[in-house]
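Colleague: Here's a sequence, model it:
(one chain, ligands or ions: 1)
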Amino acid sequence: MSIISDNLKRIKPSPTIAVTQKARELRAAGKDVIGLGAGEPDFDTPDNIKDAAIQAIKDGDTKYTAVDGTPALKKAIVEKFKRENNLNFNIDQITVGTGGKQVLYNTFMATLNKGDEVIIPAPFWVSYPDMVLLAGGKPKIVKCDERDGFKLTAKKLQKAISKKTKWLILNSPSNPTGAGYTKDEIEDLAKILVKNKKIHILSDDIYEHIKYDNFNFFTIAQISKLKDRTLTMNGVSKSYAMTGWRIGYAAGPKDIIKAIGKIQSQSTSNPSSVSQAAAVEALNGSQDFIQERSNAFKKRRDFVVQSLNNIDGISCLTPNGAFYVFPSCKGLLNKKTKLKTDSDFVQKLLEKENVAVVQGSAFGLDGYFRISYATSMENLQKAMDRIKSFCENLN
Ligand code: PLP
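Modeller: Model prediction:
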C-alpha cells in the first residue's frame, strides 16, 4: 500500500515552478540561461512598504494575529475596494491569507463536494484545475479561441453550465495571456450568470494594476445582481512587487469568508504579522509607482510582441495587461522542423538556445507558449535574438 494518498495522485506539481527550477539548475551548472518562465515582477518592493515592515518588527508586531487578518489590514482592504472598484464590503466580508494561492485553495476546500464542477476557461493559471481536483471537485475546462482574444464568450459559458456547476473562475487580466475583459464582455457573461442562480463566481483580480493602453479594469462583483454570489480575490504580490511576502485576500459572501477562515484556523493560522503590516502600507500608502512600473512593463511588452511577430512561424497578440504574452508556435510544428508539440518547441529552445519559457499545454491550450517579460530589457533583447535564431535554424 502506498504511503501517498489517492488525493495527491490526482494532481501534478506546478509546471511553471518546474521550468523556473530547471533554469536554476542549468544556471548552477554554468549555462547562460535566460529565464522567461517566472510569474513575478523583477522590481523590488517599494521602500515605504519595507520601512513599514521594519517598524512593525520594532513595535513588537511579532505575535499571532487574528487567523484571517488584522483589523488594520481588513480595513485597508475595505477601503481599497471602495476607492478603486466602487464596491462596498463590511469587515466580516474580508479574509486574508498567505498569498492569493492560499485563499483560492481554501475556497475550493471549503466549498466543493465530490463531483461539483468548476468552469475554468483555458488557457488558465496552472493551479486552478489541480486545486479543484485536490478538493474533490471536477474542473470543466472550456477552451477559448485566439480569435476571441483567448477570452470566454457567453455562448461557450452557456454550453459549459450543468446542474453540477458550482463556480466559474474569471481571471482578468489573465495569466498566461495578459488578456483583460472589458466591461461589455463581462456584462455579456453576466447575462447568463444572472439566470443561473446557483453558480458562484470567483474573480481572480491579482493583475488588476498591471494594464496598458488605457484599458479600463472592470470586475464582475460590480454587476450588482451578481455581487452576492461573487468572491473577489486579489493580493499584493504582483501590484506591489511583494511575491515573497505572501499576502493575498478576498472579499465576498459572509458564509464563504467564514468557511475559508475555518480551514485556515486548522492549517496555517494567520499570515505573517510583519507581512500584514507591510500590506497595510502597500494599500494605504502612495500608489504612484504603480503607473511608473506599468510604463516600464509596457515598453517591454511592445518590444516582445514586435520581435515575436517578426519571426516566421510565430504570431503573437498584443495583451492589455499582466506581464505575459502567449504566442502561437503552430507555424513551426511540422515534419520539416521535426517538432510535433509546443512541449517539443519549449524543450528544444531550452536545450539549443538556453531560453526558458513554458509550453501552452501546461495552461490548457496546445500550440502556444508563455513568455513572462518581467525581466530586464537587456535580457529580453538577448532572449528575442536567441528565439529568432532558434526558429530560423529549425528547417
Ligand atoms: N492568480 C494568478 C492568476 C496568479 O498568476 C498567481 C501567481 O502567480 C496567483 C493567483 C497567486 O499569487 P500569490 O499567491 O502570490 O498571491
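Colleague: Could I get the phi/psi values of the residue of the chain found nearest the ligand?
Modeller: Using Cβ to the nearest ligand atom, the single residue of the chain nearest to the ligand is Gly99, 2.7 Å away. For glycine as for every other residue, the C-beta is placed from the backbone atoms N, C-alpha and C. Taking degrees, to the nearest 10, you get phi 90, psi 160 for the backbone angles of Gly99.
Colleague: do the same with the one 4 residues further on
Modeller: When quoted as degrees, to the nearest 10, the phi and psi of Val103 stand at phi -60, psi -40.
Colleague: Just give the closest residue to it, not the sequence neighbours.
Modeller: Once flanking residues are discounted, Val103 sits nearest to Gly97: 4.1 Å by Cβ to Cβ, 6 or more residues apart in numbering.
Colleague: you'd agree that neighbour is up against Ala110?
Modeller: No - applying Cβ atoms under 8 Å, one finds Gly97 not in contact with Ala110, separated by 11.6 Å.
Colleague: near the ligand, which residues of the stretch 1-150 of the chain show up?
Modeller: Residues of the stretch 1-150 of the chain found near the ligand (Cβ under 6 Å from any ligand atom) are 39, 99-101, 125.
Colleague: Next step: the residues you listed restricted to helices.
Modeller: 99-101 (DSSP state H).
Colleague: on that earlier part again, what distance do you get for the residue nearest to Val103 to Pro15?
Modeller: Applying Cβ to Cβ, to the nearest Å, the value for Gly97 to Pro15 is 23 Å.
Colleague: residues contacting the residue nearest to Val103?
Modeller: Shown in contact with Gly97 (Cβ atoms under 8 Å, 6 or more residues apart in numbering): 68, 103, 106, 247-250, 260, 264, 268, 271.
Colleague: Nearest to Asp205 among the residues of the stretch 1-150 of the chain next to the ligand?
Modeller: Gly100 (9.1 Å; Cβ to Cβ).
Colleague: What count of nearby residues applies to the nearest residue to the closest one once chain neighbours are set aside?
Modeller: Spatial nearest neighbour of Gly100, chain neighbours left out: Gly248 (3.2 Å); criterion: Cβ to Cβ, 6+ apart. Other residues lying near Gly248 total 23 when counted by other Cβ atoms under 10 Å.
Colleague: what's Gly248 sitting at in phi/psi?
Modeller: phi -130, psi 160.
Colleague: May I see the residues of the stretch 1-150 of the chain next to the ligand organised as JSON lines, with pLDDT and neighbour count added?
Modeller: Formatted as JSON lines, these follow (pLDDT from 0 to 100; neighbours: other Cβ atoms under 10 Å):
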{"residue": "Gly39", "pLDDT": "83", "neighbour count": "24"}
{"residue": "Gly99", "pLDDT": "98", "neighbour count": "22"}
{"residue": "Gly100", "pLDDT": "98", "neighbour count": "24"}
{"residue": "Lys101", "pLDDT": "97", "neighbour count": "19"}
{"residue": "Trp125", "pLDDT": "96", "neighbour count": "23"}
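Colleague: with those in mind, which one is nearest to Ser294?
Modeller: Using Cβ to Cβ, those come closest to Ser294 at Gly39, 16.5 Å.
Colleague: Model confidence at Asn395, what's the number?
Modeller: With respect to pLDDT, Asn395 has a value of 69.
Colleague: Next: Val19.
Modeller: With respect to pLDDT, Val19 scores 75.
Colleague: Going by secondary structure, it is in what exactly?
Modeller: In the assignment (DSSP states H and E), Val19 maps to helix 15-28.
Colleague: Contacts for whichever helix or strand comes after that helix next, please.
Modeller: Per DSSP H and E, the first helix or strand lying C-terminal to helix 15-28 is strand 34-35. With contact meaning Cβ under 8 Å, 6+ apart, strand 34-35 is reached by 19-20, 23-24, 27, 354-356, 375, 379, 382-383, 386.
Colleague: Tabulate these (TSV), appending neighbour count and distance to Lys227.
Modeller: What follows is these, written out as TSV (neighbours: other Cβ atoms under 10 Å; distance: Cβ to Cβ, whole Å):
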residue	neighbour count	distance to Lys227
Val19	23	38
Thr20	20	37
Ala23	22	42
Arg24	14	43
Arg27	15	47
Asn354	19	48
Val355	23	44
Ala356	25	41
Thr375	19	38
Asn379	16	42
Lys382	16	47
Ala383	24	42
Arg386	17	47
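Colleague: Fine by me, we can end here.
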